[in-house]
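A.B. asks: here is my input; please provide its structure:
(one chain, ligands or ions: 2)
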Amino acid sequence: MIAIENASKIFAKGTPNEVHALKNVSLRIEKGDFITVIGTNGSGKSTLLNAIAGTLALDSGRIKINNLDVTKLPDFKRAKYIGRVFQNPFSGTAPTMTVAENLQLAYLRGERKTLTIAMTSAQKKFLRERVAELRMGLENRMDTPIGLLSGGQRQALTLLMAAFKKPEILLLDEHTAALDPISAELVLAITQEIVSKYQLTALMVTHSMSYATRFGNRLIMMNLGEIACDIQGEEKRNLTEQSLLKRFEERHIHVVI
Ligand SMILES: Nc1ncnc2c1ncn2[C@@H]1O[C@H](COP(=O)(O)OP(=O)(O)OP(=O)(O)O)[C@@H](O)[C@H]1O
Ligand SMILES: [Mg+2]
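C.D. replies: Numbering: from 1, shown residues only. Ligands and ions are numbered 1, 2, ... in the order given. Predicted coordinates for the structure are as follows:
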């Protein structure tokens, strides 16, 4: 369970460029929640994710992971709880290293140093099997430098690397935005599969109303640094793009996403 309590963040405070990126945001994310996050540019989505990951310090408020208050913990000390995939397929992997080496690095992260010297053949087999489960044929390209793969293939592998250590939360910030529509659908299907297979808790930012309604068990909409809508349960299951738009209209939320 992740609890965000009264989180606030103001950028460039006291200057003409002051932005209240998070305004007293509270959100309780239950174990197993797969939450899609939508909202216009600048509404605070990435700021929320950065605050959870600890790459950004809050001005006020608290963040708890399984009742452990991590508000003051720097990002590298929170890393074991967090899996992240960004919009750019080039972030998150080392391009000149092979698929196998990238996976090994991710797999060994957080393990005792002595284990980093060499992987056992059982560990290599485990990684190859996980890659095969992506059904992209990448298990036959374990020795290819990851930089030579397509954006979709890299995002699928980055997802896998973020997921197989079973983080407390998987943070996906528009991770399909740089992909063509077919690759985006494929990576979303893999996301869905990985979230359920590894029983992860996930926050997925998207600018697609279609993805936001189709995926996840819960949807939040950010507007001007606040959570303007939080739709879950039966209501989320029955949600359509049209009913979502209607909801925004009723609440006078201007939607440009
Ligand atoms: N490091 C920073 N310094 C100054 N202002 C920032 C910084 N990071 C974010 N902001 C501002 O805070 C607000 C929220 O930004 P944020 O990146 O969270 O938006 P977003 O909802 O992720 O938008 P997008 O859909 O464009 O990714 C924006 O007005 C942005 O310009
Ligand atoms: Mg953003």
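A.B. asks: find the nearest non-adjacent residue to R154, please.
C.D. replies: Spatial nearest neighbour of R154, chain neighbours left out: P89 (4.2 Å); criterion: CB to CB, 6 or more residues apart in numbering. Every C-beta, even on glycine, is put in place using the N, C-alpha and C of the backbone.
A.B. asks: how about the residues of this structure by ligand 1?
C.D. replies: Residues of the chain found near ligand 1 (CB under 6 Å from any ligand atom) are 11-12, 19, 21, 39, 41-47.
A.B. asks: so can I have a markdown table of the residues you listed showing distance to S150, neighbour count and pLDDT?
C.D. replies: A markdown table is the format used below for the residues of the chain next to ligand 1 (distance: CB to CB, whole Å; neighbours: other CB atoms under 10 Å; pLDDT from 0 to 100):
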| residue | distance to S150 | neighbour count | pLDDT |
| --- | --- | --- | --- |
| F11 | 35 | 14 | 97 |
| A12 | 38 | 9 | 96 |
| V19 | 36 | 16 | 96 |
| A21 | 33 | 24 | 98 |
| G39 | 29 | 27 | 93 |
| N41 | 27 | 8 | 93 |
| G42 | 30 | 13 | 95 |
| S43 | 30 | 21 | 95 |
| G44 | 31 | 26 | 97 |
| K45 | 26 | 24 | 97 |
| S46 | 25 | 20 | 97 |
| T47 | 30 | 21 | 98 |
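A.B. asks: out of those residues, list just those in helices.
C.D. replies: Using DSSP state H, the members of the residues of the chain next to ligand 1 that fall in helices are 45-47.
A.B. asks: check which element follows the helix ranked longest in the chain along the chain.
C.D. replies: Ranked by number of residues, the top helix in the chain under DSSP H is helix 181-197. Downstream of helix 181-197, the next assigned helix or strand under DSSP states H and E is strand 202-205.
A.B. asks: can you dump the C-alpha atoms of that following strand in PDB for me?
C.D. replies: What follows is strand 202-205, C-alpha atoms only, in PDB (Å, rounded to 0.1, in the frame of the first residue of the first chain):
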ATOM      1  CA  ALA A 202       1.000   0.400 -10.900                       C
ATOM      2  CA  LEU A 203       0.500   4.000 -11.900                       C
ATOM      3  CA  MET A 204       0.300   4.500 -15.600                       C
ATOM      4  CA  VAL A 205       0.300   8.100 -17.000                       C
END
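A.B. asks: what does the helix or strand just after that strand contact?
C.D. replies: Note on strand 202-205: by DSSP H and E, the next helix or strand toward the C-terminus is helix 209-214. Under the contact criterion CB atoms under 8 Å, 6 or more residues apart in numbering, helix 209-214 has outside partners 36-38, 176, 188, 204, 206, 219, 239-241, 244-245, 257.
A.B. asks: now for the residues of the chain next to ligand 1: which two are most distant?
C.D. replies: Farthest-apart pair in the residues of the chain next to ligand 1 is A12 and G39; separation 20.3 Å (CB to CB).
A.B. asks: please name the bridge partners of A202.
C.D. replies: Beta bridges link A202 to F34, L170 when assigned by DSSP bridges.
A.B. asks: give the full set of residues in contact with it.
C.D. replies: Residues in contact with A202 (CB under 8 Å, 6+ apart) are 33-35, 169-172, 191, 195, 216.
A.B. asks: for the stretch 101-250 of the chain, just list every one of the helices.
C.D. replies: Assigned by DSSP state H, counting those that start in this stretch, the helices in the stretch 101-250 of the chain fall at 121-132, 151-163, 181-197, 209-214, 233-237, 241-250.
A.B. asks: those into JSON lines, with extra columns for mean neighbour count?
C.D. replies: Below are the helices of the stretch 101-250 of the chain laid out as JSON lines (neighbours: other CB atoms under 10 Å):
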{"stretch": "helix 121-132", "mean neighbour count": "15"}
{"stretch": "helix 151-163", "mean neighbour count": "24"}
{"stretch": "helix 181-197", "mean neighbour count": "17"}
{"stretch": "helix 209-214", "mean neighbour count": "18"}
{"stretch": "helix 233-237", "mean neighbour count": "11"}
{"stretch": "helix 241-250", "mean neighbour count": "13"}
